[in-house]
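K.L.:
got a structure for you, letters missing:
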């Protein structure tokens, strides 16, 4: 061991003086490189962004307002898409539904509702799940056991069963009119609360791995409070699994909402989501009016498919140890 | 503010006889390894009994850390030296015994009461790759303790303080916007040292701070720690297994074996004349260049498991001098004539000189 004073750092290189900006970091990151090479990810993101734009700007894109009864003419009902030479009307390029609403406009508004419900339900799931998962993982012991047993109980009920029971009871006890006003809120609450254990379990697992690392000990030695350690130090390090399950969960929530709407427990006919549109057209499918069901169905399947593809891609990028079969 | 009241409290304590900075008294730590309640139930002899087993990590350690010294704790892997460090810092609660700082007991305080002591006591960790939060920039990492312990400071004062410590450990303050993964191991360890120094502590626990580093960087970091000690009047509890570091760095050395303290002596006295048979064996294992060095003492057997501790002296199974008394009775630390302490019946009885 030499005695010479070597407190000078290894080197002060001039080019090291400028720290990269956030954008430069992103461009250098693994995510961006993998994204540039993965055609499926690019396609999925493009399609998904298309859906988001459709949903955000629905009132501007849609030629008609499906919520405005004055714009609906019952005489236009069940018109086929405009490429049908016999009955098609160039005014309604995807045709009209049983009430004479323009199907294209209704799909735009329906996508908006489906996406809103999906995202809000996932936000609710994530909030509950993250808080419970963090506390269970960080505190450990008895708190952990109690919270995780609650999660197990919740998981043993299927989402659909809980949702059907809650929504049916709500509809029966408070009446259909109130239900129609609150349908969106109720769907968000039911889907959000039924699925929180997914998040709680994933986060608890990553917290258990993270809290053994020395930076958590360092934060404790500093005297930081438990809440600050949990949210400021551990949570940012568990973000990648959260991101992965979020994409899949949004898709799941949209599917759940569509299923509930199809069963008549979702959005009312006056404010249709993709699911209730499919459901409303189902009665006419055998009379040859296929477009009311099939077109929203394709839109829904595409939306869920691209979200799942993005989730798969994200999981591969953020978890390189995973075997890619 | 707090520093002032603490030093006053300390000067009062000095007059009443406790002149050391940190006192560790009768420290025990056991870790339960028997799993949860259902795993503990065993079926034995027709009855269901609850069985628990423990790892006895620390078994009755008494240690005083004097103001201004660098007390090195050495011992092989698993002897409990890191557990002592973590218990002193309050990361682990002791099973029994007490830890006092300037005469005030601190091991039973809650987080809030401990806060003024956190400012006085800091820790440097072993692995510089894990001890910095990967999602925080260096400036955020360093500003956090400064803000927490100086709530009245404005942004400029905090930034000045962070720049000062970064500069003092040889990290360019303009690198603050970078993340930990953009630095080398040695630079990261400098940053962890800066984080410990940022709150102006007077006592630093260093848990093998250089064992994860490259040999060429070890000397730099060690010299940085010695410079900081001189400039800031620090006291170190230095955990290591590298005896050459101890000789270079330590003022006193504590040798641990299987959770117990074998010997505690000033560095020079210990290296010149080790008393405890374990210390003798440990020191004879240092590779040396001389031709006429004493032969390497080879110990028989393995370190016993800390789950079932040997009776009496924990070292008796491997000690060439052990007799019946060593198997029965746990030796206490006795003072030696060259200013150290040793826990050995053979030394006490004069069987070894």
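P.N.:
Sure thing, it's come through. Here the structure is a predicted model, which is why all the values come from computation and not from measurement. Numbering: from 1, shown residues only, chains lettered A, B, ... in the order given.

K.L.:
can you tell me the helix or strand for the most centrally placed residue in chain A?
P.N.:
For chain A, the residue nearest the mean C-alpha position is residue A:250 (2.0 Å; C-alpha atoms, centre = their mean). Per DSSP states H and E: residue A:250 is located in helix A:239-262.

K.L.:
which residues touch the spatially most central residue of chain B?
P.N.:
What sits nearest the mean C-alpha location of chain B, by C-alpha atoms, centre = their mean, is residue B:85, with 3.7 Å. Residues in contact with residue B:85 (C-beta atoms under 8 Å, 6 or more residues apart in numbering or on different chains) are B:73, B:123, B:205, B:207, B:237, B:239. (Each C-beta comes from the backbone N, C-alpha and C, glycine too.)

K.L.:
Whichever of these end up buried, select them in ChimeraX.
P.N.:
Only the buried entries of the contacts of residue B:85 go into this ChimeraX selection, using 16 or more other C-beta atoms under 10 Å in any protein chain shown:
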select /B:73,123,205,207,237,239
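
K.L.:
Could you identify the most distant pair in the contacts of residue B:85?
P.N.:
Greatest spatial distance among the contacts of residue B:85 (C-beta to C-beta): B:73 and B:123, at 13.7 Å.

K.L.:
List the buried residues of the helix holding residue A:250.
P.N.:
Neighbour counts over helix A:239-262 (16+ other C-beta under 10 Å) mark A:241-242, A:244-262 as buried.

K.L.:
tell me what the helix or strand following it is packed against?
P.N.:
Moving toward the C-terminus from helix A:239-262, the next helix or strand (DSSP H and E) is helix A:274-282. Identification of packing neighbours for helix A:274-282 by 3 or more C-beta pairs under 8 Å, 6 or more residues apart in numbering or on different chains; DSSP states H and E yields helix A:103-139, helix A:239-262, helix A:291-318.

K.L.:
just so I know, which of those lies nearest chain B?
P.N.:
Closest of the helices and strands packed on helix A:274-282 to chain B is helix A:239-262, at 8.0 Å (criterion: C-beta to the nearest C-beta).

K.L.:
ok now the closest one, how far from the chain's centre?
P.N.:
Relative to its chain's centre, helix A:239-262 lies at 4 Å (C-alpha atoms, centre = their mean, to the nearest Å).

K.L.:
average pLDDT for the strand or helix carrying residue B:148?
P.N.:
In the assignment (DSSP H and E), residue B:148 maps to helix B:138-149. Across helix B:138-149, the average pLDDT comes to 91.

K.L.:
Stretch B:116-127 now?
P.N.:
Averaging pLDDT along stretch B:116-127 gives 91.

K.L.:
For the stretch 151-300 of chain B, what lies in contact range of chain A?
P.N.:
Neighbours of chain A within the stretch 151-300 of chain B, by C-beta under 8 Å from any C-beta of the partner chain: B:169-172, B:174-178, B:184, B:186-187, B:190, B:192, B:195, B:199, B:217-220, B:222-224, B:227, B:244-245, B:248.

K.L.:
let's see it at 7 Å
P.N.:
Residues of the stretch 151-300 of chain B found near chain A (C-beta under 7 Å from any C-beta of the partner chain) are B:170-172, B:174-175, B:177-178, B:184, B:186-187, B:195, B:219-220, B:222-224, B:227, B:244, B:248.

K.L.:
Just the buried residues from those, in ChimeraX please.
P.N.:
To isolate the buried members of these in ChimeraX, using 16+ other C-beta under 10 Å:
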select /B:170,171,172,175,178,186,187,195,219,220,222,223,224,227,248
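
K.L.:
what's the least confident helix or strand in chain B, going by average pLDDT?
P.N.:
helix B:2-15 (a mean of 40; mean pLDDT, DSSP states H and E).

K.L.:
re earlier: so of the residues of the stretch 151-300 of chain B next to chain A, which ones are in strands?
P.N.:
Assigned to strands by DSSP state E, none of these qualify.

K.L.:
Any idea which helix or strand in chain A has the lowest mean pLDDT?
P.N.:
helix A:22-28 (a mean of 78).

K.L.:
and residue B:206, which of the three is it?
P.N.:
Secondary structure, DSSP: H, G, I helix; E, B strand; the rest coil: residue B:206 is strand.

K.L.:
quick one, phi psi at the closest residue to it other than its chain neighbours?
P.N.:
What sits nearest to residue B:206 in space, not counting adjacent residues and going by C-beta to C-beta, 6 or more residues apart in numbering or on different chains, is residue B:124, at 4.4 Å. Dihedral angles of residue B:124 (phi, psi; degrees, to the nearest 10) stand at phi -120, psi 130.

K.L.:
burial count for residue B:124?
P.N.:
Neighbours of residue B:124 under the rule other C-beta atoms under 10 Å in any protein chain shown: 27.

K.L.:
Just the pLDDT for the closest residue to residue A:246 other than its chain neighbours.
P.N.:
Excluding the flanking residues, the one nearest residue A:246 by C-beta to C-beta, 6+ apart is residue A:122, at 5.9 Å. Residue A:122 is assigned 93 on the pLDDT scale.

K.L.:
if we can go back for a sec, which one of the contacts of residue B:85 is nearest to chain A?
P.N.:
Proximity of those to chain A (C-beta to the nearest C-beta) peaks at residue B:123, which lies at 4.6 Å.

K.L.:
From the chain's centroid, how far away is the helix or strand encompassing the closest one?
P.N.:
If you go by DSSP H and E, residue B:123 is part of strand B:121-124. Counting by C-alpha atoms, centre = their mean, strand B:121-124 is centred 10 Å from the centre of its parent chain.

K.L.:
quick one on the thing from earlier: do I have it right that the residue nearest to residue B:206 meets residue B:211?
P.N.:
No. In this structure, residue B:124 is not within contact of residue B:211 by C-beta atoms under 7 Å, at 11.7 Å.

K.L.:
for the stretch 201-350 of chain B, what spans make up the helices?
P.N.:
Remark: helices assigned in the stretch 201-350 of chain B by DSSP state H, counting those that start in this stretch are B:215-232, B:243-249, B:267-272, B:277-284, B:324-328, B:345-349.

K.L.:
What residues sit buried inside stretch A:153-166?
P.N.:
A:154-155, A:159, A:162-164, A:166.

K.L.:
ugh, typo on my part, it should be stretch B:226-237
P.N.:
Buried residues in stretch B:226-237, counted by 16+ other C-beta under 10 Å: B:226-229, B:234-237.

K.L.:
out of those residues, who's nearest chain A?
P.N.:
For those, the closest approach to chain A (C-beta to the nearest C-beta) belongs to residue B:227, at 5.6 Å.

K.L.:
Report how many residues lie close to residue 180.
P.N.:
By default, I'm working from chain A. With other C-beta under 10 Å as criterion, residue A:180 counts 15.

K.L.:
if you could check chain B rather than the one you did, that'd help
P.N.:
Neighbour count of residue B:180, defined by other C-beta under 10 Å: 22.

K.L.:
Local confidence estimate at the nearest residue to it once chain neighbours are set aside?
P.N.:
Nearest-residue entry for residue B:180: residue B:132, 3.8 Å, with adjacent residues in sequence omitted and distances by C-beta to C-beta, 6+ apart. We have a pLDDT of 91 for residue B:132.

K.L.:
Can you name the residue of the stretch 101-250 of chain A nearest chain B?
P.N.:
Here the stretch 101-250 of chain A gets closest to chain B at one residue, residue A:223, 3.5 Å apart by C-beta to the nearest C-beta.

K.L.:
Please determine how far that residue is located from residue B:144.
P.N.:
In this view, residue A:223 and residue B:144 are 10 Å apart by C-beta to C-beta, to the nearest Å.

K.L.:
same check, this time on residue A:93
P.N.:
Counting by C-beta to C-beta, the gap from residue A:93 to residue B:144 is 58 Å.

K.L.:
now do residue B:319
P.N.:
Distance, residue B:319 to residue B:144, using C-beta to C-beta: 48 Å.

K.L.:
what does residue B:43 give?
P.N.:
Shown here: residue B:43 relative to residue B:144, a distance of 52 Å by C-beta to C-beta.

K.L.:
Contacts for the least confident helix or strand of chain A, please.
P.N.:
residue A:32 (C-beta atoms under 7 Å, 6 or more residues apart in numbering or on different chains).
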